[in-house]
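Peer 1: Model the structure of this input:
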Amino acid sequence: MSSIFSPTSHLRLAPLYHRLGSNLHLQSLCCCFKLCHFLGGRQSSVLCKFPTISPNPKLKFQSTLGGTSPANEGTVSAINFEDLMEKDWSFLEHDDKNSKEQHNQKQDQIISAGEVGETSRVLISIGSEEFVDKIFNSSPCEQLLVVHDSLFILASIKEKYDKVKCWQGELIYLPEKWAPFDVVFLYFLPALPFQLGQILGTLAKHCLPGARVVISHVQGRQMVQEQQKQYPDVVAAELPDKTTLQDVAADNTFELVKFVDEPGFYLAVLKFQTENLVR
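Peer 2: Numbers count the residues shown, from 1 in each chain. Sure thing, here's the model as predicted:
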């Protein structure tokens, strides 16, 4: 089953924060989104009626989709979306013009730590749009996959970059079909509502030997703590300290090769090892 975001990707609705109508079936939803053309101007047999999408972080909208799907997928007459809620991700975007240059330098450090090459297969989890922009424009690679909870953000990314693959859902449930990866950017790790061991255990199954996992925050640990108070529904955890990161990394066949934990910047680089690993 394909989605609007990629010719080969699945649309997955995260049940943690989407409240959908009780009569909504996932199969029908995927079918409609597969045929919907509101992102790329593609031809479609489905009629989609959306109100104007506002950048308001507390987005609420109701929509009706109707149309006919291919014969092997059945017919979809209408789907009603009720109170589809978007979390507020606006704090990931940097809008302070006075410190823009410094912010860009930190992002450059993060990207450099990934050592992206033309043959790299890159995964970005919970990234800002500006970070995806920077990766796409500065670091050509074989494949770029963006994983995010937000349909709104993924739609915006896909509208700009048709070659970027997008998947809406939780990182630990990422399908195998885009793997393996040799560069992973966990741009905002505290937004992932899972234990560090679960996250690295999942990545160990999807990474190539020598793959680099870059964990970062452009404003550092103290800012994460402030964001956790202000956005408790988004920021689920703190950044791991060095000892914790080393121990959990070793348990999942990663080696910590770089660690920076400064008041205004956090950067950790893990390298995937294959010694004694039974796959």
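Peer 1: show me where the stretch 101-250 of the chain has strands.
Peer 2: Assigned by DSSP state E, counting those that start in this stretch, the stretch 101-250 of the chain shows strands spanning 121-125, 143-148, 165-168, 181-186, 207-217.
Peer 1: Output those in a markdown table; the columns should cover mean pLDDT and mean neighbour count.
Peer 2: (Glycine included, C-beta is placed from N, CA and C.) Converted to a markdown table, the strands of the stretch 101-250 of the chain look like this (pLDDT from 0 to 100; neighbours: other CB atoms under 10 Å):
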| stretch | mean pLDDT | mean neighbour count |
| --- | --- | --- |
| strand 121-125 | 97 | 25 |
| strand 143-148 | 97 | 23 |
| strand 165-168 | 95 | 24 |
| strand 181-186 | 98 | 24 |
| strand 207-217 | 97 | 22 |
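Peer 1: So which of the ones you listed is nearest S112?
Peer 2: Of all the strands of the stretch 101-250 of the chain, strand 207-217 sits nearest to S112, with 9.4 Å by CB to CB.
Peer 1: Tell me where the chain has helices.
Peer 2: Assigned helices in the chain, in chain order: 26-35, 100-114, 129-138, 151-160, 196-206, 221-230, 242-251 (criterion: DSSP state H).
Peer 1: mean pLDDT lowest for which of those helices?
Peer 2: Lowest mean pLDDT within these: helix 26-35, at a mean of 33.
Peer 1: could you dump the helices of the chain to a markdown table with distance to T274?
Peer 2: Output for the helices of the chain, formatted as a markdown table (distance: least, CB to CB, whole Å):
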| stretch | distance to T274 |
| --- | --- |
| helix 26-35 | 36 |
| helix 100-114 | 19 |
| helix 129-138 | 26 |
| helix 151-160 | 32 |
| helix 196-206 | 10 |
| helix 221-230 | 31 |
| helix 242-251 | 14 |
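Peer 1: export these to a markdown table and tack on distance to F265 and mean neighbour count?
Peer 2: Shown next, in a markdown table, are these (distance: least, CB to CB, whole Å; neighbours: other CB atoms under 10 Å):
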| stretch | distance to F265 | mean neighbour count |
| --- | --- | --- |
| helix 26-35 | 38 | 19 |
| helix 100-114 | 6 | 16 |
| helix 129-138 | 15 | 18 |
| helix 151-160 | 24 | 19 |
| helix 196-206 | 20 | 19 |
| helix 221-230 | 9 | 15 |
| helix 242-251 | 14 | 15 |
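Peer 1: between those helices, which one is nearest to Y187?
Peer 2: helix 129-138 (5.5 Å).
Peer 1: Give the other helices and strands that the closest one contacts.
Peer 2: For helix 129-138, the packing partners by 3 or more CB pairs under 8 Å, 6 or more residues apart in numbering; DSSP states H and E come out as helix 100-114, strand 121-125, strand 143-148, helix 151-160.
Peer 1: Mind giving me the packing neighbours of the second one?
Peer 2: Read it as strand 121-125. Packed against strand 121-125 by the contact rule (3+ CB pairs under 8 Å, 6+ apart) you find helix 129-138, strand 143-148, strand 181-186.
Peer 1: Show the contacting residues for the nearest residue to T244 once chain neighbours are set aside.
Peer 2: What sits nearest to T244 in space, not counting adjacent residues and going by CB to CB, 6 or more residues apart in numbering, is L196, at 7.2 Å. L196 makes contact with 240, 244-245, 248, according to CB atoms under 8 Å, 6 or more residues apart in numbering.
Peer 1: Take the residues you listed and lay them out in JSON lines including distance to V146.
Peer 2: What follows is those, written out as JSON lines (distance: CB to CB, whole Å):
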{"residue": "P240", "distance to V146": "23"}
{"residue": "T244", "distance to V146": "27"}
{"residue": "L245", "distance to V146": "24"}
{"residue": "V248", "distance to V146": "24"}
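Peer 1: just those residues now: which is nearest Q227?
Peer 2: Distance ranking of the contacts of L196 against Q227, using CB to CB, places P240 first at 15.9 Å.
Peer 1: returning to that earlier point: and of the helices of the chain, who's closest to W178?
Peer 2: Comparing these by their distance to W178 (CB to CB), the top pick is helix 196-206, with 8.1 Å.
Peer 1: Of all the helices of the chain, which one is nearest K258?
Peer 2: Of all those, helix 100-114 comes closest under CB to CB, at 6.5 Å.
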